[in-house]
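Enquirer: I would like the atomic coordinates for the input below:
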Amino acid sequence: MSGHSKWAQTKHKKAAVDSKRGKLFSKVSKEIIVAAKMGGGDPNSNSRLRSAIEKARDISMPSENIKKAIMRGTGELQGASYEEIVYEGYGPGGVAIMMEVFTDNKNRTVSEIRNIMSKYGGNMGETGCVSWMFDKKGYILIGKKQTDEDTLMSLTLDAGAEDIKNDPAEENYEVITAPEDMKAVKEAIEKADIKVNLAEITMLPKNYIRLESYDADKMLKLMEALEDHDDVQNVYANFDIPDEVIANR
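Expert: Below is the predicted model of the structure:
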């Protein structure tokens, strides 16, 4: 799972820069708005909203911003109405790509994403063309210096985790959960005074495509361009790229 792990860590480091630019605040605000619109403004009964609020707090979004985003979602405050769309396609080397988008102008967004895909050697596909290649999972990264594998395995499996990955080439253990169990597993880890480097609901590939040299560089540029688009919330792809290539991004 090295392709996903290394890119997840790279994104996590970029998030600090994005939050300073305000870009991450904007994306998380959209996530709160859509979650409140779909399931109501009470996080106790809306797990998606609760998760979005936790993400907002993790990046130190002011409480007032969170409150206003919830009110926009429930219609208590006026604001843009966002449509949630999943686009699918292929990148360099036939890599499968899924993009979760929140937009107030579908025609503009799909045109811009199509142009980005084309610029970096990708192309849009039909709905369902690659989604079957991914599983929705909770995904937690724990630094190997934080604990040993046996302790982590006992702790997380008891809390409801599905699996633990320990790639000798990686700096982190990967804990995999069902989406609905991630919160309980994360809390169990933190109660044991073990630092969580990353916790998110993601789409994990069932298999990976190895990319080298030119295709690898193109793929990373494509990922960065898609993730930098204001309307793109998340991008998932089944590439496996050498660590040294990703580390240089």
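Enquirer: Look at residue 222 and say how many residues are nearby.
Expert: Close neighbours of residue 222, defined as other CB atoms under 10 Å, add up to 25. C-betas here are computed from N, CA, C, even on glycine.
Enquirer: Please give the element, helix or strand, for it.
Expert: According to DSSP states H and E, residue 222 maps onto helix 213-228.
Enquirer: ok, residues contacting that helix?
Expert: The contact list for helix 213-228 (CB atoms under 8 Å, 6 or more residues apart in numbering) reads 7, 11, 23, 91-93, 95, 97, 99, 113, 116-117, 119-122, 211, 232, 235, 237, 239, 241-242, 245-246, 249.
Enquirer: Do a quick rundown of the helices in the protein.
Expert: 2-21, 23-39, 47-58, 63-74, 106-119, 149-159, 182-191, 213-228, 243-247 (DSSP state H).
Enquirer: Least confident of those, on average?
Expert: Here the lowest mean pLDDT among these goes to helix 2-21, at a mean of 58.
Enquirer: Make a ChimeraX selection of the buried ones in the contacts of helix 213-228.
Expert: In ChimeraX, a selection of the buried entries from the contacts of helix 213-228 looks like this (16 or more other CB atoms under 10 Å):
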select :7,11,23,91,92,93,95,97,99,113,116,117,120,121,122,211,232,235,237,239,241,245,246
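Enquirer: What are the buried residues along the longest strand seen in the chain?
Expert: Ordering each strand of the chain by length in residues (DSSP state E) puts strand 134-143 first. Going by neighbour count (16+ other CB under 10 Å), the buried part of strand 134-143 is 134, 137-142.
Enquirer: Pipe the residues you listed into JSON lines and attach pLDDT and distance to residue 193 per row.
Expert: Putting the buried residues of strand 134-143 into JSON lines (pLDDT from 0 to 100; distance: CB to CB, whole Å) gives the following:
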{"residue": "134", "pLDDT": "96", "distance to residue 193": "33"}
{"residue": "137", "pLDDT": "94", "distance to residue 193": "25"}
{"residue": "138", "pLDDT": "93", "distance to residue 193": "21"}
{"residue": "139", "pLDDT": "92", "distance to residue 193": "21"}
{"residue": "140", "pLDDT": "93", "distance to residue 193": "15"}
{"residue": "141", "pLDDT": "91", "distance to residue 193": "17"}
{"residue": "142", "pLDDT": "93", "distance to residue 193": "12"}
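Enquirer: Spatially, which two of those residues are the most separated?
Expert: 134 and 142 (22.6 Å; CB to CB).
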